[in-house]
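K.L.:
Here's my sequence, what's the structure:
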Amino acid sequence: MARDVRRGLRRGLFATALWALTGVLAGCPPQGSDARFTRPAELPSYGTVVNGYNANAGRITRLWARAVAEMEWRQEGKRRFEQGDGILAVVTPDRSAFSLGKLGNPLFWAGTNAKQYWLLDLREERLAYVGERRNPPKPPAGNKLPVPIYPPDLLRVLGIGAIDKPPDILEFGAEITRKPDPPVGWENGLIIEPPGSATRYVLDPKTFLPARIELVDAQGEPRLIARLSRFEPVKIAGQPPGGLPKIATRVEITLPETDGRMTLFLSDPSDGQERIDDDAFDLEKVKKTFRPRRVVDLDAP
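P.N.:
Numbering: from 1, shown residues only. Reported below is the predicted structural model:
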């Protein structure tokens, strides 16, 4: 983020409302996407679908965009609404910084790197919540933050970064056996669930762009549903306008368990040349900039 991130860090342009969601959801079926697709006569293979998805998402290894978020949640029996603006920066596979503020005042800053994730709540108490990625996520005490989303889930929710393909073969002694592909389903779009990802993708059968992404629990029920639309090209330095990868500029996120909702609007997406600064992914530097009064270790007993 170079100039923009430093300016955001120093002047309080950044803030966010992402946090950890860990409750187990029971008995809520997957919800349909707003998009409507025609089922092909024959469903493509898993490998074809993954290759089609990766041909777009796998090319977005860096992302910078301006962000506006509308948040709805229930607090003390009343429906609440908040809107803010900020900046999103991502470097795959594991670095992200997402912020929201209001009237030039910082409210939240969420981020991740290879080892940690964090949320700085810069409202009255000025708290910094910190956790290790290797440990199960835990929500802040009291679950006070609106529309909680676990920060490392951000890349999957946005539909960027490549899906890993399973090994093609398994070896049994002297024999070599090809491993069967995971199934491809249909529910108003191509459905795949990459093994070990706890993620369900619903894709456009023609473009393989994601229409819906669900993060699922151990029972396969959605704990978070993201609907993606309004795809626009991501500007990449040195590449012509034609054939650029695309990203959803409207992402509607719902949390069935908490009845929370956040709609994220992105604009001016690019690969962030001269805009993405490594300081945005350094927790110690972020804390020095925003000076939280207290740090809460989410992994502490």
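K.L.:
any chance you could map the helices in the stretch 51-200 of the chain?
P.N.:
154-158 (DSSP state H, counting those that start in this stretch).
K.L.:
Count the neighbours of residue 266 for me.
P.N.:
23 (other C-beta atoms under 10 Å). Where you see a C-beta, it was placed from the backbone N, CA and C, and this is true even at glycine.
K.L.:
on contacts alone, who are the packing partners of the one helix or strand it maps to?
P.N.:
In the assignment (DSSP states H and E), residue 266 maps to strand 260-270. If you count contacts as 3 or more C-beta pairs under 8 Å, 6 or more residues apart in numbering; DSSP states H and E, strand 260-270 packs onto strand 62-75, strand 246-255.
K.L.:
most packed of those strands?
P.N.:
Counting by mean count of other C-beta atoms under 10 Å, strand 246-255 has the highest mean neighbour count of the helices and strands packed on strand 260-270, with a mean of 20.
K.L.:
Residues contacting that strand, please?
P.N.:
21, 31, 56, 60, 63, 65, 147-149, 157-160, 209-210, 223-234, 260-267, 269 (C-beta atoms under 8 Å, 6 or more residues apart in numbering).
K.L.:
Can you select the buried ones among the residues you listed for me in ChimeraX?
P.N.:
Applied in ChimeraX, the following selects the buried portion of the contacts of strand 246-255 according to 16 or more other C-beta atoms under 10 Å:
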select :21,56,60,63,65,147,148,149,157,158,159,160,209,210,223,224,225,226,227,228,229,231,232,234,260,261,262,263,264,265,266,269
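K.L.:
what stretches of the stretch 101-250 of the chain score poorly on pLDDT?
P.N.:
Scanning the stretch 101-250 of the chain with the threshold set as pLDDT under 70 gives 138-148, 167-178.
K.L.:
what about 50?
P.N.:
Regions of the stretch 101-250 of the chain meeting the criterion pLDDT under 50 cover residues 142, 144, 146-147.
K.L.:
Now do the strands in it.
P.N.:
105-112, 116-121, 127-132, 169-172, 175-178, 185-186, 190-192, 199-203, 210-216, 222-233, 246-255 (DSSP state E, counting those that start in this stretch).
K.L.:
Tell me which other helices or strands the longest one touches.
P.N.:
Based on contacts counted as 3+ C-beta pairs under 8 Å, 6+ apart, the elements that strand 222-233 packs against are helix 154-158, strand 210-216, strand 246-255.
K.L.:
same thing but at 7 Å, please
P.N.:
strand 210-216, strand 246-255 (3 or more C-beta pairs under 7 Å, 6 or more residues apart in numbering; DSSP states H and E).
K.L.:
Switch those strands over to CSV; also include distance to residue 36.
P.N.:
Output for these, formatted as CSV (distance: least, C-beta to C-beta, whole Å):
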stretch, distance to residue 36
strand 210-216, 9
strand 246-255, 16
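K.L.:
got the end-to-end distance for stretch 151-161?
P.N.:
Stretch 151-161 has an end-to-end distance of 15 Å (C-alpha to C-alpha, to the nearest Å).
K.L.:
Show me the contact partners of that stretch.
P.N.:
Taking contacts as C-beta atoms under 7 Å, 6 or more residues apart in numbering, the residues outside stretch 151-161 that touch it are 18, 57-58, 60, 63, 90, 92-93, 96, 98, 110-112, 117, 119, 133, 199, 210, 213, 215, 224, 226, 228, 247-248, 251, 253.
K.L.:
Recalculate using a threshold of 6 Å.
P.N.:
Contacts to stretch 151-161, defined as C-beta atoms under 6 Å, 6 or more residues apart in numbering, come from residues 18, 57, 60, 92, 96, 110, 112, 117, 133, 199, 210, 213, 215, 226, 228.
K.L.:
just curious, which of those is nearest to residue 49?
P.N.:
residue 210 (11.1 Å; C-beta to C-beta).
K.L.:
Could you pull up the contacting residues of the closest one?
P.N.:
Shown in contact with residue 210 (C-beta under 6 Å, 6+ apart): 159, 201, 203, 228.
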